[in-house]
Structures are given as C-alpha cells and as structure tokens.
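Asks: 3D model of this:
(one chain, ligands or ions: 1)
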Amino acid sequence: MSLPPQHFVIVGGGTAGWLAAMMLQQAGAKMHKPFKITVVESSKIPAIGVGEGTTAVFRQMLKQFGLDEFEFLKETEATIKFGIRHKDWRRVGHHYDGPIDDPHLVMESAGSKPQSYIDIFSCAAGRKLADTHLFAYLLDQHKAPFAQMSDGRKVAMGPFHHAYHFDQAKAGQYLRKKAKRVEVIDALVSGVKRDSETGYITALETDAGEVAGDFFIDCTGFRKTLISAMGGEWLSYRKDLPLNRAMPFWLDIADDEELTPYTTAWAQGSGWLWMIPTQSRIGCGYVYSDAHISPEQAKDEIEKTLGREIEPRSDLRFDIGRQKDSWIGNCLALGLSSSFLEPLEATSIHGTIVQLLVFITYHLKATPEDAAAYNAFAARQLDDFKNFINLHYVSERRDTPFWQSVANDFIGKATRERLAYWQNKMPDIDDFAPLPGGFAHTEQQLYYPVLDGLGLLNRSAAQAAMEKNPALKQKAKAAADSLTAEYRAAAPRAMPHRSFLNSL
Ligand SMILES: Cc1cc2nc3c(=O)[nH]c(=O)nc-3n(C[C@H](O)[C@H](O)[C@H](O)COP(=O)(O)OP(=O)(O)OC[C@H]3O[C@@H](n4cnc5c(N)ncnc54)[C@H](O)[C@@H]3O)c2cc1C
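Replies: I've put the predicted structure just below:
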C-alpha cells in the first residue's frame, strides 16, 4: 500500500462505481500519471435498479468524458429532463414546476456575485418566476432541447445544460463499456484485511481470492460492505424527513405516446409518487411513511390515483441519512453506501459526481487531513440537501394524518429559521455558503422555484428590494420582458420530445 494512491480499487459496479472509475481514470490521464483502477463487482448482486433522474451535472460529465450525448440517449433509452413538476404539494389540485436553467446566467450580471434580481423582480411584479426560464416552456410543451434545421442538423435551443431520465442499470452498463484500461473482477467481497498499525485496508477478501490496492472506494450500495468494516457510523435523518419505504413499479407506454421531459413528483396521502419516463416505460414509485400506511394501502392508493392496476417490483425499506464520516483511513464510501435521501430532487447521483469532483480536485494525496476536510464537505453537502428537501414539505395540506404529522413534527429548525429570515429579505447567494471549488449545489437558483411554487416568497420584501434600487429594477424588468418574449416565441420551434428521441 502506498500513499498518494496509485492503485484504486472500487467495489461495486452500479452508477456510483462506474462514475468513480471513469472520473479517476480521466483525472490520472490529465495529470499524466494514469492510475491503476480495478472494479470489483458481483454478478450475484444486481445494481439497485431504481434511480433514474439526474441533474445537469451528469450531462456536464458526459461532455467531460468526451461521450456522445445522442449515442448515450439511444443506448440507455434515456429521455430529457428540464426539471420537476411538483403536483399537489402546496394543496391538492395545485402544481408548480422547477425548471433547472438559470436565466441569470445569460443576462448581464448585476454585481460581482451571482444574483437573483430577475427572480426578485418577477416576484415583486406578481409574475410567475418560471416565465423567464426557457426550460419552463420546453417542459410544458413536451419539447426537446434541440430544433431541427432544414438541412437536418439539430441545433441547441439555448446554452443551458438539461438533465436526463434513464434506466440506471443501462446507464451503468454504458459507462462500463466506455471505461477503458479498467480491470474488472467479478467477485463477492466478504471482508477486508487491515494493517494492524494503521487500520488501513491492505486487501479485500473475496470468493475469487484477495484483491490488494492502495485506496478502496465503497460503492456497494445499501450493503455498505467496506465502510461498515471500517467502523462507519450511520447518522440518521429519521427525525428530519418523514419517509422510510418505497414501492417501485413500471407503467407501459405506447410507442407513439408523448414523453414528459420532466420528472413528476406527485404528493399523495402519506408520501409522494415519482414518475420518470424512459423511452420504453415510465419508472414510478410511491415513497411513503409506513407509520401511516401499510404496503397494501399504499398500492390501493396509487391504483386509485392512476386509475389502473400496478405491479410493485420490490419493497424497499430505508433509513434516510448519511455516513458520519464517509472517508475512514484509506476507504471512501460513495453513492448509496455513503448516503440516502428520498429522491425528491435527484440529489443522489448528483451528490456522487460532486463528491468525486471534490475528491479528485483537492484530496488525491489522501492524507488524514484530506480525509478530515472531505468529510466536513460531504457532511455539509448532505445536510444542505436534507434541508432543501425538508423545505418541500412546508405545505398547506392537513388532509391526512401524514400531512398533519409533517406540519407538526417534520419542518426542521433550519427551514423555519430560513423562512423567517426571508420574510424581510429576499434569498440571495450570500445565504448559502459555497462548496469548495464553487461546485454545483442547492443554492438560491434552486430554492426560488420551490419557494415560489409553495407560496413562501414575500412579495412586499421583493418590492422593497426593487424600490431601493430603481436602476436594478429597470434592468431586471428589461431582462424579464425580453427573456419571456424570446422564450415564448422560441419554444414552439423546438422538436417534439418523442420525435427528437426517435430521430437519433
Ligand atoms: C427508491 C429510490 C429512488 C431513487 N431515485 C433516484 C433519482 O431519481 N435520482 C438519483 O440521482 N438517484 C436516485 N436514487 C439513488 C440512485 O439509485 C443511486 O445513487 C445510484 O443508482 C447509485 O447506486 P450505487 O452505485 O451506490 O449502488 P447500487 O446500484 O446498489 O450498486 C451496488 C453495486 O455493488 C455491488 N456489490 C454490493 N455488495 C457487493 C459485495 N459484497 N461484493 C462485490 N460487489 C458488491 C453490486 O453488485 C452492485 O454492482 C434512488 C434510490 C432509490 C432507492
């Protein structure tokens, strides 16, 4: 074993494992010091098989890997995601959209830091914040992010990165195929050998013999095989978020049926239903609280909601939370072995990519100081995700025991404090401490659509902010008017989502 590590051994061949392999391989190549990378995966244990919505960061990674987006869409039967449609969260019959493009990125900055002046203006003027988002129109009209020219070329509708919905197993297989110079061992890991002095892992014990290495990455999913052997401690968010069980199922779709380019997150009586279309089916699941309903009641409720019978594919119980320390000694846990939150904002695969970026950018020497700094970052990232998800539960609903319990017991201190603070001042970038390297995180651009959708923005505070700065108000009005007019006119020219995918 040597540090800095030269040989990375990744256990697990799900999305997390293959993202780790690809990103480490690319980092080594960039530094002209290619690492040896081994992936140990077991054909006896399938990947999780759910987890299908990404954020824009996944597309950025595909580009960084030099992979062809259209090939990826075709081979993984992926679809486009412009954001999330939240149904019945504020009250039954109401919905709001969370488009993931940020209009501020294409307008002249109003200062040295990223600003929210267009959102603040829209709120002050009583307009829908989504009106200035290109993705809001594309999402609503079931469009693709490309228009087709008369010569057949496909031209991007805008500069923003969209996200995807995909079959998680197919995405993992696609990355596996593209990863070159990675040793793959099909073996079941049963334990680890550790150095008697340092406690570091020296080798894995598997049914195919020992596998030695310098640094070990635990991507074994909910099994947490390596990090548990290192004494990893699970920090539960059970008291902060109300759900603990999921019932995934698929719905068939006809070949000519239009595909929604958004995830549907549909609040139910005791949790919420996700609906994520791939090209051949809609991946769905009811995430619920089994303190309030049984699996049978959950199934009945969803069948009533959808007006059709469903066949649950599994019954998942989970303890929402994270590793207290996801890096111990020379073992780093990633993906489901390091954390799990209900998939309301697709934070899991996103979180894994950002964790890998931080590890690769700052901590490849793998010293104990690196481990401490990384653990502090990962803890913050996950706690911030948890708080962001918690915000979604600030609802007017009290129609079931679940929603009454949410209102009484599950709106966290951080959420309450923030909402009180934002009664007098509009949210901005200063309210969110940046991650190391400024990597993508849940900040004001993601909070605004949710706050707006749930009716939690204070219009008077927005008006006061605009009145204080007439020049900014004028600039914001011009930006909002021009973006709204431009996107309204442009969206109908985009290809329909299904025909775009069929054309690839
Ligand atoms: C209900 C649900 C919905 C989700 N929805 C989303 C979503 O919409 N968006 C999102 O970003 N994320 C979502 N996620 C999370 C997402 O599924 C995961 O982040 C992602 O798939 C990565 O999983 P993984 O690679 O960590 O684990 P897995 O996919 O479980 O892979 C584990 C791998 O480890 C291997 N393995 C396990 N034990 C051993 C062993 N002892 N020896 C050898 N190999 C072993 C297995 O063979 C497998 O290859 C969801 C998760 C759940 C449960």
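
Asks: can we go C-alpha only for contacts and neighbour counts from here?
Replies: OK.

Asks: quick one, phi psi at S196?
Replies: Taking degrees, to the nearest 10, you get phi -70, psi -20 for the backbone angles of S196.

Asks: Tell me where the stretch 201-350 of the chain has strands.
Replies: 201-206, 209-212, 215-218, 234-236, 245-252, 263-268, 271-277, 281-288, 316-317, 321-323, 327-328, 331-333, 339-340 (DSSP state E, counting those that start in this stretch).

Asks: any idea which helix or strand carries the residue nearest to G453 when sequence neighbours are not counted?
Replies: Nearest non-adjacent residue to G453, counting by CA to CA, 6 or more residues apart in numbering: Y96, 5.1 Å away. For Y96, the element it lies in under DSSP states H and E is strand 95-99.

Asks: who's in contact with whichever helix or strand comes after that strand?
Replies: Under the assignment DSSP H and E, the closest C-terminal helix or strand after strand 95-99 is helix 117-124. For helix 117-124, the external contacting residues (CA atoms under 8 Å, 6 or more residues apart in numbering) are 103-104, 110, 128-129, 426, 448, 457, 459-463, 465-466, 472-473, 476-477, 479-480.

Asks: for stretch 126-143, same thing?
Replies: Applying CA under 8 Å, 6+ apart, the external contacts of stretch 126-143 come out as 81-83, 97-103, 119, 122-123, 144-145, 158, 258-262, 448-449, 452, 459, 480, 483-484, 487-488, 491-492, 494-497.

Asks: now these: which count as buried?
Replies: 81-83, 97-103, 119, 122-123, 144-145, 258-262, 448-449, 452, 459, 480, 483-484, 487-488, 491, 494-497 (16 or more other CA atoms under 10 Å).

Asks: And the closest residue to D240 other than its chain neighbours, its phi and psi?
Replies: Distance criterion CA to CA, 6+ apart; nearest residue to D240, sequence neighbours excluded, is F410 at 5.6 Å. Main-chain dihedrals, F410, degrees, to the nearest 10: phi -120, psi 10.

Asks: residues near F410, how many?
Replies: Close neighbours of F410, defined as other CA atoms under 10 Å, add up to 20.

Asks: What's the separation between it and the ligand?
Replies: Distance, F410 to the ligand, using CA to the nearest ligand atom, to the nearest Å: 20 Å.

Asks: And G12, by the same measure?
Replies: 3 Å.

Asks: Test my guess that that residue contacts R223.
Replies: No - look at G12 against R223 with CA atoms under 8 Å: they stay out of range, at 10.1 Å.

Asks: what about the two, which has more around it?
Replies: G12 (28 against 12).

Asks: which residues does the more buried one contact?
Replies: So G12 contacts V39, V40, E41, S42, D218, C219, T220, G221 (CA under 8 Å, 6+ apart).

Asks: Tabulate those residues in TSV, adding columns for pLDDT, distance to L341 and neighbour count.
Replies: Formatted as TSV, the contacts of G12 follow (pLDDT from 0 to 100; distance: CA to CA, whole Å; neighbours: other CA atoms under 10 Å):
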residue	pLDDT	distance to L341	neighbour count
V39	97	25	25
V40	98	26	24
E41	95	24	23
S42	95	25	19
D218	98	18	28
C219	97	16	31
T220	97	17	30
G221	95	13	24
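
Asks: re the thing from before, the residue nearest to G453 and R85 touch, don't they?
Replies: Yes - counting by CA under 8 Å, Y96 touches R85, with 5.9 Å between them.

Asks: Name the residue in those two with the higher neighbour count.
Replies: R85 (22 against 19).

Asks: which secondary structure element contains that one?
Replies: Per DSSP H and E: R85 is located in strand 83-87.

Asks: So that strand, near the ligand or not?
Replies: No - on the criterion CA under 6 Å from any ligand atom, strand 83-87 is out of touch with the ligand, staying 10.6 Å away.

Asks: pLDDT weak spots in the stretch 51-200 of the chain?
Replies: Residue ranges of the stretch 51-200 of the chain with pLDDT under 70: 51, 110-114.

Asks: Look up how far L251 lies from C284.
Replies: 7 Å (CA to CA, to the nearest Å).

Asks: who's more crowded, these two?
Replies: C284 (24 against 16).

Asks: And for that one, nearest residue in space, chain neighbours not counted?
Replies: M275 (4.5 Å).

Asks: The residue nearest to T198 when sequence neighbours are not counted - how many residues pack around it?
Replies: Leaving aside its chain neighbours, T198 sits nearest to G329 (7.9 Å; criterion: CA to CA, 6+ apart). Neighbourhood size, G329 [other CA under 10 Å]: 17.

Asks: next one: A489
Replies: There are 11 residues near A489, going by other CA under 10 Å.

Asks: Am I right that it is in a helix?
Replies: Yes - when DSSP: H, G, I helix; E, B strand; the rest coil is applied, A489 is found to be in a helix.
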